[in-house]
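>>> After the sequence you'll find the predicted model.
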6 protein chains.
Amino acid sequence: MTPEIDDRYRRGVAVLQLLSGEAIEQVTNKVAEIAPDFARMTIEFPFGDLYSRGVLDLRTREVAAISALAALGRIPQLRVHVMAALNLGVTRAEIVELLMQISIYAGFPPALNALAECHDLLIDKDERTTT
Amino acid sequence: MTPEIDDRYRRGVAVLQLLSGEAIEQVTNKVAEIAPDFARMTIEFPFGDLYSRGVLDLRTREVAAISALAALGRIPQLRVHVMAALNLGVTRAEIVELLMQISIYAGFPPALNALAECHDLLIDKDERTTT
Amino acid sequence: MTPEIDDRYRRGVAVLQLLSGEAIEQVTNKVAEIAPDFARMTIEFPFGDLYSRGVLDLRTREVAAISALAALGRIPQLRVHVMAALNLGVTRAEIVELLMQISIYAGFPPALNALAECHDLLIDKDERTTT
Amino acid sequence: MTPEIDDRYRRGVAVLQLLSGEAIEQVTNKVAEIAPDFARMTIEFPFGDLYSRGVLDLRTREVAAISALAALGRIPQLRVHVMAALNLGVTRAEIVELLMQISIYAGFPPALNALAECHDLLIDKDERTTT
Amino acid sequence: MTPEIDDRYRRGVAVLQLLSGEAIEQVTNKVAEIAPDFARMTIEFPFGDLYSRGVLDLRTREVAAISALAALGRIPQLRVHVMAALNLGVTRAEIVELLMQISIYAGFPPALNALAECHDLLIDKDERTTT
Amino acid sequence: MTPEIDDRYRRGVAVLQLLSGEAIEQVTNKVAEIAPDFARMTIEFPFGDLYSRGVLDLRTREVAAISALAALGRIPQLRVHVMAALNLGVTRAEIVELLMQISIYAGFPPALNALAECHDLLIDKDERTTT
């Protein structure tokens, strides 16, 4: 790993730690065994290059991530970003509302599937507090 | 039109006026000629039922709309919501940044196409700064 | 729930009962826990607003539902509508034929996956009778 | 062209003539110049192999085609099958209704775009009634 | 089965045997029970008509298959063609590289999901030799 | 632009020059005006990071690009990579054959649309042979 690439990687890890420690592992673990370079790129480009640019705050970036991933039906990554949003203080009710809105753009099935597949993350354990 | 449906329609129009007067026409005009009921539903369900629920502010809803529509490559509706976001005070630099981020989830082509197809809306007429 | 919304909901439930009692539960159950308003909307808009308009009979609407859902690869909803079509008297052979035709528009994989994922619903238990 | 392939081709052309003479040209013309074998396959497999099997009548097959193509946003082929459906006696109001229903499964944008892109085919030349 | 159709089927089986004996079963088994004609068509058209044309060698056709299927997120068929590519002598490192490249066109999630879902096929059992 | 980023950019430009001088402009021009950083990233990540890794030769990478882009229906980028493939010596007949094969995975419409939209690039100017 050249020093300059290391720099983008370190910036990416720094962003991911603001989002979720668990998320780092989820993003890279299984893939790292067969494609270690791609696990590194998955941190460098999205988080090191884009998320770390500022311009948009992390909350806005997570709203964008959840919306795009739910619309495309990419469940494993959707779950990572729902966790990240909860860690940033977005409430369960707000995330549910976002997923409901996706029905407008991508139809009811992706919205229903996103809600069902994130059921465990979005269910209110005691009394609908947030994180 | 029954009185109660009329109510959802009026709520929808009220939201659309906060977003963009022009947008109302763009959403309904061409389709209204051949499918007037669907033009009405396009205001009732997305804007009358969902946007008007509160929970999320309109800025957040437009971030979600732009992200989902760019990811799915739905250009005419993307343009409507870019206009709406600009009317709400989202800056050109922020919208450009959102579209850049979509490359993570849906690849470079939808991000590049979204930027190219919204070029006229996102170009800065006087000072041409970007991010 | 306001009286007028209740009206759309009741119309939707009435349609769903023609399609399949089981389907009502499948459409709403899991999601209702975390997004009760969206479970209600999933009955109101598709079934209360659209299906109940007449113009097309329910059999034609189910042919459309199965075709669109198979093309998009939305398996949980495809299964609900295959069950509904069987309840309406569409034969297993006709549904298989519909799914085969989807290969033209969306490729062999969605057609093969749709057939495999609905295998239990489409297998002829004794001698290729319908429902 | 071997005799047996010729047979599938002839069956396909026979089906296409029931649907629309114009459709044959639209399906094959432009592509035939650079990929004549594929133009032939486009008649053989969809129309010669699948449409000609019976099991479903042509009207049902066109409902399926329009639904899948609108959901996937494949405009040129959607237009061919809207023309074919009109030739089979499906009314403009029924086709509009089908396209409206697609909003449930694929969102409002593909339904709106399908209606807008088939505007010239679906507009009622003399009396402009809708549903 | 008419003699001429049998011919396309036999050509398709011959190609599939070059790719993978196991693949034949995977392509047809589960679907054959409910849609035997479609199982046959799945061999006839893709393998009997297209793969057997020459023009492109089988290695190039498998590169195309893996790229398209990963981009579209069609996992069961992707696995069949990863197996076929390995049987043709494409190395694990090359397939991993192909899946990484898909992130450019379809985003990181389909590339990550493809790698994760083919983990067992792509993991190097002893010391990162190829097939 | 930091020196190390400049390095990835330079590697990317070097790859693009092997593919097509014209392609560089097509990839970046229109977008560069409103999103100069993204135009740079479009060269850095795909071409500087991925294409320049070796492992796969450029011909194989272009087969992958064309297959994925045709399957996803991303026409502007498909055209860029068809040009690049032609520059690398891939024949028109081979590209046509690749696009035909996409019908298996994504259906006939994306294959037909890809062929029609690249008609000018794939037509043989002097002798008009095909496959």
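All right, it came through fine. Here the structure is a predicted model, which means the values were calculated and not measured. Numbering: from 1, shown residues only, chains lettered A, B, ... in the order given.
>>> switch to C-alpha atoms for all contacts and neighbour counts from now on
Will do.
>>> Can you check the pLDDT for A:T130?
For A:T130, the pLDDT comes out at 44.
>>> helix or strand for the nearest residue to A:I95 once chain neighbours are set aside, which one?
Spatially, and ignoring its direct neighbours in sequence, A:I95 is nearest to A:V82 (7.5 Å; Cα to Cα, 6 or more residues apart in numbering or on different chains). Here A:V82, judged by DSSP states H and E, is contained in helix A:75-87.
>>> Mind giving me the packing neighbours of that helix?
Helix A:75-87 sits against helix A:3-19, helix A:21-34, helix A:58-72, helix A:108-117, with contacts defined as 3 or more Cα pairs under 8 Å, 6 or more residues apart in numbering or on different chains; DSSP states H and E.
>>> hey, least reliable of those helices by pLDDT?
When I compare the helices and strands packed on helix A:75-87, helix A:21-34 is least confident, with a mean of 77.
>>> list the contacts for the closest residue to A:A114 other than its chain neighbours?
When the adjacent residues along the chain are set aside, A:A114 lies closest to A:A70, with 6.0 Å between them (Cα to Cα, 6+ apart). Taking Cα atoms under 8 Å, 6 or more residues apart in numbering or on different chains, we find A:A70 in contact with A:L78, A:L99, A:I102, A:P110, A:A111, A:A114.
>>> Report the two of those residues separated the most.
By the measure Cα to Cα, A:L78 and A:I102 form the most distant pair in those, at 12.9 Å.
>>> tell me the centre residue of chain A?
Nearest to the mean C-alpha position of chain A, by Cα atoms, centre = their mean, lies A:H81 at 1.9 Å.
>>> Of all the residues in chain A, which one is nearest chain B?
Nearest residue of chain A to chain B (Cα to the nearest Cα) works out as A:A68 at 4.5 Å.
>>> what about the closest residue to that residue other than its chain neighbours, how many residues close to it?
Distances taken as Cα to Cα, 6+ apart put B:A68 closest to A:A68, at 4.5 Å, once the chain neighbours are dropped. Using other Cα atoms under 10 Å in any protein chain shown, B:A68 has 29 neighbouring residues.
>>> correct me, but B:A68 touches A:I104?
No: contact between B:A68 and A:I104 fails when scored by Cα atoms under 8 Å: they sit 9.7 Å apart.
>>> Provide a list of residues in contact with A:V96.
Counted by Cα under 8 Å, 6+ apart, A:V96 has contacts A:L115, A:L122, C:I34, C:A35.
>>> For the second one, the count of nearby residues, please.
Under the neighbour criterion other Cα under 10 Å, A:L122 is assigned a count of 24.
>>> hang on, the earlier thing: the residue nearest to A:A68: what's it in contact with?
Taking Cα under 8 Å, 6+ apart, we find B:A68 in contact with A:A64, A:S67, A:A68, A:L69, A:A71, A:I102, A:Y105, A:A106.
>>> Name the nearest residue to whatever residue of chain A ends up closest to chain D, ignoring sequence neighbours.
Closest residue of chain A to chain D, Cα to the nearest Cα: A:G107 (3.6 Å). Distances taken as Cα to Cα, 6+ apart place D:G107 nearest to A:G107, at 3.6 Å, with adjacent residues excluded.
>>> Distance from the helix holding A:V82 to the middle of the chain?
Offset of helix A:75-87 from its chain centre (Cα atoms, centre = their mean, to the nearest Å): 4 Å.
>>> Name the next helix or strand downstream of it, please.
Toward the C-terminal end, the helix or strand that comes next after helix A:75-87 (DSSP H and E) is helix A:92-106.
>>> Pull the distance from that next one to the chain's centre.
15 Å.
>>> Close to chain B: what parts of chain A are there?
A:46, A:50-51, A:55-56, A:60-61, A:63-65, A:67-69, A:71-72, A:93-94, A:97-98, A:100-102, A:104-106 (Cα under 8 Å from any Cα of the partner chain).
>>> Isn't A:E44 up against A:G12?
Yes: using Cα under 8 Å, A:E44 is in contact with A:G12, at 5.4 Å.
>>> For A:V31, list the residues it contacts.
A:V31 is in contact with A:F38, A:A39, E:L112, E:L115, E:A116, E:H119, counting by Cα under 8 Å, 6+ apart.
>>> give me that answer again for 7 Å
By Cα atoms under 7 Å, 6 or more residues apart in numbering or on different chains, the contact set of A:V31 is A:A39, E:L112, E:L115, E:A116.
>>> from those, which single one is nearest B:D7?
Using Cα to Cα, those come closest to B:D7 at E:L112, 46.0 Å.
>>> burial of that closest one, as a residue count?
With other Cα under 10 Å as criterion, E:L112 counts 26.
>>> likewise the one 5 residues further on?
Using other Cα under 10 Å as the criterion, E:E117 is surrounded by 17 other residues.
>>> Nearest spatial neighbour of it, chain-adjacent residues omitted?
E:I75 (7.1 Å).
>>> near chain E, which residues of chain A show up?
Residues of chain A found near chain E (Cα under 7 Å from any Cα of the partner chain) are A:K30, A:V31, A:I34, A:A35, A:F38, A:R74, A:Q77.
>>> Just the buried subset of the residues you listed, please.
With burial judged by 16 or more other Cα atoms under 10 Å in any protein chain shown, the buried subset of the residues of chain A next to chain E is A:K30, A:V31, A:I34, A:A35, A:F38, A:R74, A:Q77.
>>> dump the residue contacts of the third one.
Under the criterion of Cα under 7 Å, 6+ apart, the contact partners of A:I34 comprise E:H119, E:L122, E:I123.
>>> Swap in 8 Å and give it another go.
Neighbouring residues of A:I34 by Cα under 8 Å, 6+ apart: E:V96, E:L115, E:H119, E:L122, E:I123, E:D124.
>>> and what of the fourth one?
Taking Cα under 8 Å, 6+ apart as the contact definition, A:A35 lies against E:V96, E:L115.
>>> any idea how far it is from B:S103?
21 Å (Cα to Cα, to the nearest Å).
>>> One more: the third one?
The spacing between A:I34 and B:S103, counted by Cα to Cα, is 24 Å.
>>> Near chain D, which residues of chain A are found?
Residues of chain A found near chain D (Cα under 8 Å from any Cα) are A:S103, A:I104, A:Y105, A:A106, A:G107, A:F108, A:P109.
>>> Look at the first one and report its pLDDT.
Which is A:S103. Value for A:S103, per-residue pLDDT: 98.
>>> can I assume it is in contact with A:L115?
No: in this structure A:S103 lies outside contact range of A:L115 using Cα under 8 Å: 11.1 Å.
>>> Pull up the overlap in contacts between these two.
Contacts common to A:S103 and A:L115, judged by Cα under 8 Å, 6+ apart, are absent.
>>> so how many other residues sit close to A:A111?
By other Cα under 10 Å, the residues close to A:A111 number 26.
>>> Using CSV, lay out the buried ones among the residues of chain A next to chain E together with distance to F:L88.
Output for these, formatted as CSV (distance: Cα to Cα, whole Å):
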residue, distance to F:L88
A:K30, 36
A:V31, 32
A:I34, 30
A:A35, 28
A:F38, 27
A:R74, 35
A:Q77, 36
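>>> Just the pLDDT at A:V90, thanks.
97.
>>> how many other residues sit next to it?
For A:V90, using other Cα under 10 Å, the count is 18.
>>> Out of the residues of chain A next to chain D, which end up buried?
Counted by 16+ other Cα under 10 Å, those give A:S103, A:I104, A:Y105, A:A106, A:G107, A:F108, A:P109 as buried.
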